[in-house]
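Asks: Quick one, structure for this:
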Amino acid sequence: MAIVAPFRPVIYNLERMPNLETVIAPPYDVITDREQDEYYRRDPYNVVRLILGKKKTGDSDWDNRYTRAADLFKRWEAEDTLVRLPAPSMYLISVDYQSPETREMRTRWGFIAVVRIEDPDSSVILPHERTFTFHREDRLKLMRACNAQMSPIFGLYSDEENEILSAFGDTKDFPPMACFKDTNGHCYKMWQVTSKSVLEDIACKMTPKSIIIADGHHRYETARNYRNLMRARFGAQSPSRSYEYVMMYLTNINDKGLTILPTHRLYASYTDFTMRAFLAAARTHFDIHSFPLGTSNREGLAGIISSQLYEYGRRGTCVGLYHAGSKGYHLLCLKPNAIKEIGDDVHPSLKKVDVLVLSRLIFQRILGISRESLDDETIIHYESNTNSALSSVLRGDFRMVFLVNPTKIEQILEVTGNALLMPRKSTYFYPKIISGLLFNKIDPRETIAYKLPSPEDNDEER
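Replies: The predicted structure is shown next:
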């Protein structure tokens, strides 16, 4: 069962900085070097200095980006730039944003709480993508240095009746404790919830649910590794110790404001590639539909290709391809009988995932790219915005782009329900939950107060 509880976070002092716009940042793993510089310049207290500090020449075991983040975290607390709230709470969050694909305005609702960390074989917290050693080690160094979790993990739960959000009652009718816009123009509102009865009701309603990790797989595994280190040092007898929990932003997988973007694949170079030879080989597995570029502007072209991908993809896997200098682009639609060519080692639920088909049949089978190279981000680059992906090739930054449809919610549910993992970068939940809203400070001597549902609660639910 999922144990969800209130906690006492550290936050930016809202009396000193009531507008958080200058101090927030996206998750560390989507911040480019240029963006890192911009966030550094924006505000001396920007959270990027904690989550993705700059490296320096001469960094050592005693002075590095992790130790500097820990020093800053302590200093900001000492000077009351950061303050710890006294009351155990959960935090209701709304995000108003425009979908970059459809341009429609949406609102996504969620809440931040702490969730008890589960072991890998648990069916309570479910990952859906693979992780990599380097990123786990990087995040663990930061967590050990700071003894804090700097950003919430993005989790999904299923609630068709929307009982969890309803349990927050009239919270959203009151003024939020924070309201601001991020650099993309997304409007965030955050309400603190301290009512014991409301918190217990939410915790009880979350108990029978599973939580799918939408974003933050490396940070979740890091939190578990940190927990194991703390258990070795302070003991594993008490399941309520603060290091047994991880901060999560939780949203309903049925929320109408939930958006999944595609994650397109870009290549800077590929030796001996010719379009004629590639298409000839691809015809073994795909029906190929070719289209001229036409005279549309780049944004218009992105919309046209996205619409075509969607329409052709309704019948099965469809992958788009544009190569620099070409006068047209191609849609590769998987032939019905070609799915068996993916291999008997792949579960049927994974064979429905477009990026798995792209990886197995196009990258590995046709182009001969090794599995190791597929994990090398100097070879393959990722972009969720279709217009940006196409523009990168049109202006010569990359040689070619493979375009995919977004992974569907039902595919994620099927894959995680079978305890399987998708290829990396299979999903892009938009917008990412920002860093700088709340920090989870971990004192190994502290405990998290939680209430397990009583038999009477379970009888009522049944």
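Asks: Check E460 and give its pLDDT.
Replies: Here the pLDDT value assigned to E460 is 36.
Asks: the longest helix in this structure is where?
Replies: helix 217-234 (DSSP state H).
Asks: Can you list the low-confidence ranges for the stretch 251-400 of the chain?
Replies: For the stretch 251-400 of the chain, applying pLDDT under 70 flags the ranges 295-299.
Asks: domains for this structure, by residue range?
Replies: Domains of the chain are assigned by automatic domain parsing as 4-259+430-461, 263-405.
Asks: Figure out the length between the terminal residues of the shortest one.
Replies: Across its full length, domain 263-405 reaches 8 Å end to end, with Cα to Cα, to the nearest Å as the criterion.
Asks: Determine which residue lies closest to the centroid of this structure.
Replies: D215 (2.3 Å; Cα atoms, centre = their mean).
Asks: Hmm, that residue is touching Y430, no?
Replies: No. When contacts are counted by Cβ atoms under 8 Å, D215 is not listed as touching Y430 (9.8 Å). Where you see a C-beta, it was placed from the backbone N, CA and C, and this is true even at glycine.
Asks: quick one, phi/psi of Y40?
Replies: The phi/psi pair for Y40 (degrees, to the nearest 10) reads phi -60, psi -40.
Asks: how much space between it and Y329?
Replies: 39 Å (Cβ to Cβ, to the nearest Å).
Asks: burial count for R8?
Replies: 17 (other Cβ atoms under 10 Å).
Asks: hang on, it packs against Y91?
Replies: No. Counting by Cβ under 8 Å, R8 stays clear of Y91, with 11.5 Å between them.
Asks: in the stretch 51-200 of the chain, which spans are strands?
Replies: 82-84, 90-98, 105-116, 125-126, 148-149, 153-157, 178-181, 187-193 (DSSP state E, counting those that start in this stretch).
Asks: Turn the ones you listed into a markdown table, including mean pLDDT, distance to G303 and mean neighbour count.
Replies: A markdown table is the format used below for the strands of the stretch 51-200 of the chain (pLDDT from 0 to 100; distance: least, Cβ to Cβ, whole Å; neighbours: other Cβ atoms under 10 Å):
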| stretch | mean pLDDT | distance to G303 | mean neighbour count |
| --- | --- | --- | --- |
| strand 82-84 | 98 | 43 | 16 |
| strand 90-98 | 97 | 14 | 21 |
| strand 105-116 | 98 | 17 | 21 |
| strand 125-126 | 95 | 34 | 22 |
| strand 148-149 | 98 | 39 | 23 |
| strand 153-157 | 97 | 27 | 25 |
| strand 178-181 | 96 | 25 | 18 |
| strand 187-193 | 98 | 25 | 19 |
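Asks: ok, for R108, nearest residue in space, not its chain neighbours?
Replies: Of all residues not flanking R108 in the chain, G257 sits nearest, at 3.4 Å (Cβ to Cβ, 6 or more residues apart in numbering).
Asks: Confirm for me that that neighbour is in contact with E104.
Replies: No. Counting by Cβ under 8 Å, G257 does not reach E104; the two are 10.4 Å apart.
Asks: re the thing from before, tell me if I am right that the residue nearest to R108 is in a strand.
Replies: No. Applying DSSP: H, G, I helix; E, B strand; the rest coil, one finds G257 to be coil, outside a strand.
Asks: OK, contacts around it?
Replies: The neighbourhood of G257, defined by Cβ atoms under 8 Å, 6 or more residues apart in numbering, consists of V95, R106, T107, R108, W109.
Asks: Show me where the stretch 201-350 of the chain has its strands.
Replies: Taking DSSP E, counting those that start in this stretch, the strands of the stretch 201-350 of the chain run over residues 211-215, 245-252, 259-261, 264-267, 286-292, 318-323, 328-334.
Asks: which residues are contacting the second one?
Replies: Which is strand 245-252. By Cβ under 8 Å, 6+ apart, strand 245-252 touches 4-5, 7, 9, 93, 108-117, 149, 151-159, 162, 164-165, 206, 211, 214, 219-220, 223-224, 258, 433, 438, 440, 448.
Asks: Now with 6 Å, please.
Replies: For strand 245-252, contacts defined as Cβ atoms under 6 Å, 6 or more residues apart in numbering pick out 110-112, 114-117, 149, 152-155, 157, 159, 223, 433, 440, 448.
Asks: Neighbouring strands - and their directions - for it?
Replies: strand 105-116 (antiparallel), strand 153-157 (parallel) (DSSP bridges).
Asks: before we move on, back to that, Y40 and Y329: which is more packed in?
Replies: Legend: neighbour count by other Cβ under 10 Å for Y40 and Y329, higher for Y329 (22 against 15).
Asks: I'd say that one and L309 touch.
Replies: No. The criterion here is Cβ atoms under 6 Å, and Y329 misses it with L309 at 10.4 Å.
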